[in-house]
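need a 3D model of the following:
(one chain, ligands or ions: 1)
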Amino acid sequence: MNHGVPHDGVPHRTAPGGGGPRSHSGGSGTVPSGAAPGGAAPEDGAAPGGPPRDAAPGRTPLLSVRDLRVTLRERGGTAVPAVRGLSFDVHPGEVVALVGESGAGKSLTARAVLGLAPHGAQVAGSVLLDGQELVGARPSVLRSVRGRRMSLVPQDALTVLSPVHTVGAQLVRAVRSVRGTGRARAWEEAVAALDRVGIPDAARRAHAYPHEFSGGMRQRAVIAMATVNRPDVVFADEPTTALDPVMQARVLELLCGLSGQTGTSVVLVTHDLGVVGGHADRVVVVYAGRHVESGPVDRVLTDPRAPYTAGLLAALPPREARDRRLPAIAGSPPSPTSLPQGCAFAPRCPLAATRCRAHEPSPVVAGEPGRLVSCHRWQDLPDPARSLFADVP
Ligand SMILES: Nc1ncnc2c1ncn2[C@@H]1O[C@H](COP(=O)(O)OP(=O)(O)OP(=O)(O)O)[C@@H](O)[C@H]1O
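Have a look, this model is predicted:
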């Protein structure tokens, strides 16, 4: 399956702010809207009764996902509510990390936004790209958006590259299929894309086949495929899982640096809260298909407001003591087909109270602008919050 569909055709945007270091103020609004089923929140977030926004007022998001619901069907017809009312915004040039354990619904969210949900999946809610509604849009519209404005570096990224064509030829095809550019111009674009992702001697390497690239270089080539047409938004689904730590860091720097180079926004999908610090502007933590917490990365990492985020942080290995036993969150996430009543995290949460087991929490502003939390007990967290999990075996 080739989902790392490259793009373009769109006029290239200029890089906002000249690509300096990530700004942690006034980033995107990551707006969960489990509280407001049924539709898009207003752009300015000011309408009474709508879900709270955590964006700086007045900023218009490039991509606005509202109350996204993805329901799959198991064989036998059982409904699998894998994404349950997730909302977030992505602003131009911004890096937003979508973080959660395996099965949280991150990949499905990315695929649904791109119109690539699995066959038979029901997608509801709203996905606005520059004001254009993509949920329910015709396949031709979705293909054109994927070709020009949004792209995906899929989890199985290396399958994107065909073994029987040179890397350059594949990039040329990607450029021509979207922009209709002449061959010579497309080749220049291909080499430029390889150069941008740090492939040394790109003009020569473009003639190589994927098997002649190292693993790290292949990963870069896949990113080049996803960015050769300079889309507005790139979704990168676990882009570093198969790489060693040094290469992981390089690929993340590369992806997130793209926002500075080309103005591309990046949605980084990862299970590893540890990789988002220093790379993303904002983070959206997801559990069982729902919003848990969102806000500027530095604030969420240092001062989490949800017990689940605190548990993820407690489980991160500290650099200085990698062999130390780490506190883990007891138990495992629920299956979407057997969700508990109330907060889906309650069975694993040391702070869970009666109301947590009865009512699923909705997002509320968590004490400071730009932060939202979906937890009944966020104000009861100990300090530091991660100490909640210190004694868990
Ligand atoms: N095609 C499918 N049919 C049935 N269930 C599915 C399908 N794809 C995903 N699921 C289920 O939907 C839930 C969310 O899956 P998803 O792949 O989005 O999770 P994730 O957060 O990306 O995790 P991972 O990092 O492991 O991929 C999981 O419980 C998964 O088993």
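
who in the protein is up against the ligand?
By the rule C-beta under 6 Å from any ligand atom, the part of the chain lying against the ligand is 72, 74, 80, 82, 100, 102-108, 118, 271, 336. Using the backbone N, CA and C atoms, a C-beta is placed for each residue, glycine as well.

can you flag the buried ones in those?
Among the residues of the chain next to the ligand, those scoring as buried are 72, 82, 100, 103-108, 271, 336 (criterion: 16 or more other C-beta atoms under 10 Å).

helices - which of the residues you listed land there?
Of those, the ones assigned to helices by DSSP state H are 106-108.

straight-line length of stretch 315-332, end to end?
Separation of the first and last residues of stretch 315-332 by C-alpha to C-alpha, to the nearest Å is 14 Å.

just to revisit the earlier point, redo the ones in helices among the buried ones among the residues of the chain next to the ligand as a markdown table? Include pLDDT.
Formatted as a markdown table, these follow (pLDDT from 0 to 100):
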| residue | pLDDT |
| --- | --- |
| Lys106 | 95 |
| Ser107 | 95 |
| Leu108 | 96 |
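
where does the residue of the chain most remote from its centre land in three-state SS?
Most distant from the centre of the chain: Ala184, at 34.3 Å, with distances by C-alpha atoms, centre = their mean. Ala184 carries the three-state label helix when classified by DSSP: H, G, I helix; E, B strand; the rest coil.

distance of it relative to the ligand?
40 Å (C-beta to the nearest ligand atom, to the nearest Å).

Ala385 is in contact with Ala310, isn't it?
Yes: shown here, Ala385 and Ala310 form a contact pair, counting by C-beta atoms under 8 Å, at 3.8 Å.

name the residues contacting each of these two.
Pro304 (C-beta atoms under 8 Å, 6 or more residues apart in numbering).

looking at those two, which is more packed in?
Ala310 (25 against 21; other C-beta atoms under 10 Å).

so Gly125 is in which element?
strand 122-129 (DSSP states H and E).

can you give me the strands for this protein?
Counting by DSSP state E, the chain has strands at residues 63-73, 79-90, 95-99, 122-129, 132-133, 150-153, 233-237, 265-270, 282-287, 290-296, 364-365, 372-373.

export the ones you listed to a markdown table and tack on distance to Ala226?
Shown next, in a markdown table, are those (distance: least, C-beta to C-beta, whole Å):
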| stretch | distance to Ala226 |
| --- | --- |
| strand 63-73 | 16 |
| strand 79-90 | 16 |
| strand 95-99 | 15 |
| strand 122-129 | 16 |
| strand 132-133 | 21 |
| strand 150-153 | 4 |
| strand 233-237 | 5 |
| strand 265-270 | 10 |
| strand 282-287 | 21 |
| strand 290-296 | 24 |
| strand 364-365 | 34 |
| strand 372-373 | 29 |
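
what would the ones you listed look like in CSV with mean pLDDT?
Formatted as CSV, those follow (pLDDT from 0 to 100):
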stretch, mean pLDDT
strand 63-73, 95
strand 79-90, 95
strand 95-99, 95
strand 122-129, 97
strand 132-133, 96
strand 150-153, 92
strand 233-237, 93
strand 265-270, 94
strand 282-287, 96
strand 290-296, 96
strand 364-365, 94
strand 372-373, 96
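
can you say which of those is nearest to Leu161?
Comparing these against Leu161 with C-beta to C-beta, the closest turns out to be strand 150-153 (11.8 Å).

helices or strands up against the closest one?
Strand 150-153 is packed against helix 106-113, helix 215-227, strand 233-237, with contacts defined by 3 or more C-beta pairs under 8 Å, 6 or more residues apart in numbering; DSSP states H and E.

let me know the closest of the residues of the chain next to the ligand to Val285.
Nearest member of the residues of the chain next to the ligand to Val285, counting by C-beta to C-beta, is Gly100, at 6.2 Å.

dump the residue contacts of that closest one.
106, 271, 285-287, 292.

where in the chain is pLDDT low?
Along the chain, the model assigns pLDDT under 70 to residues 1-58, 157, 242, 318-326, 391-393.

by residue count, which helix of it is the longest?
Max-length helix for the chain by DSSP H is helix 245-262.

next, the angle from it to strand 95-99.
Helix 245-262 and strand 95-99 are oriented at 140 degrees to each other (axes from the mean of the first three to the mean of the last three C-alpha atoms, to 10 degrees).

and helix 245-262 with helix 215-227, angle?
Going by the same axes, to 10 degrees, helix 245-262 makes 20 degrees with helix 215-227.
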